[in-house]
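Q: return atomic coordinates for the entry below.
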Amino acid sequence: QVQLVESGGRLVQAGGSLRLSCVASGRTFSSYAMGWFRQAPGKEREFVAAISRRSGRTRYGDFVKGRFTIFRDNVKNTGFLQMSSLKPEDTAVYYCAAKESIGLPSETSYDNWGQGTQVTVSS
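A: Residues are numbered from 1 along each chain as shown. A predicted model of the protein is given here:
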């Protein structure tokens, strides 16, 4: 198991940028693929982005459309989600997730989750 703690969420104006961080502890972070998900009030959890354990592969949700970038620093056991051109519809709790995997795991297979960080985008 790996423990995950997200940070960086806050209130931001539409069009602004934000960087979320996810610090991992407990196991070798570089053995885990990492993903970001989000859940808005009244909606189901949605896949945002994923990165393989050594950054060789990434995948994004369809709605991202080049606005977000996922990356990681295995030396610092930290993953990141850089978000730009934020829209009010990006308002949600953002969760970091991890799964021990060589490639990119399926979106439903993540088995380690953080507590989430709130992102609010005002219009």
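Q: can you list the low-confidence ranges for the protein?
A: Applying pLDDT under 70 to the chain flags no residue at all.
Q: element containing the residue positioned nearest the centre of it?
A: Nearest residue to the geometric centre of the chain (C-alpha atoms, centre = their mean): Trp36, 2.4 Å. Taking DSSP states H and E as the definition, one finds Trp36 inside strand 32-39.
Q: may I have the beta-bridge partners of Ile51?
A: Here Ile51 shows beta-bridge partners Met34, Thr58, assigned using DSSP bridges.
Q: just checking, it touches Phe68?
A: No: counting by C-beta atoms under 8 Å, Ile51 does not reach Phe68; the two are 11.5 Å apart. C-beta coordinates here come from the backbone N, C-alpha and C atoms, glycine included.
Q: sorry, back to before: now for the strand holding Trp36, which elements pack on it?
A: Contact partners of strand 32-39 among helices and strands, from 3 or more C-beta pairs under 8 Å, 6 or more residues apart in numbering; DSSP states H and E: strand 18-25, strand 46-51, strand 68-73, strand 78-83, strand 92-100.
Q: buried residues, that strand. List them.
A: Buried residues in strand 32-39, counted by 16 or more other C-beta atoms under 10 Å: Tyr32, Ala33, Met34, Gly35, Trp36, Phe37, Arg38.
Q: CSV for the helices and strands packed on strand 32-39, including mean neighbour count and distance to Tyr110?
A: Shown next, in CSV, are the helices and strands packed on strand 32-39 (neighbours: other C-beta atoms under 10 Å; distance: least, C-beta to C-beta, whole Å):
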stretch, mean neighbour count, distance to Tyr110
strand 18-25, 19, 12
strand 46-51, 22, 9
strand 68-73, 18, 14
strand 78-83, 23, 13
strand 92-100, 22, 4
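Q: let's have those in TSV, adding distance to Ser109.
A: Shown next, in TSV, are the helices and strands packed on strand 32-39 (distance: least, C-beta to C-beta, whole Å):
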stretch	distance to Ser109
strand 18-25	17
strand 46-51	11
strand 68-73	17
strand 78-83	17
strand 92-100	6
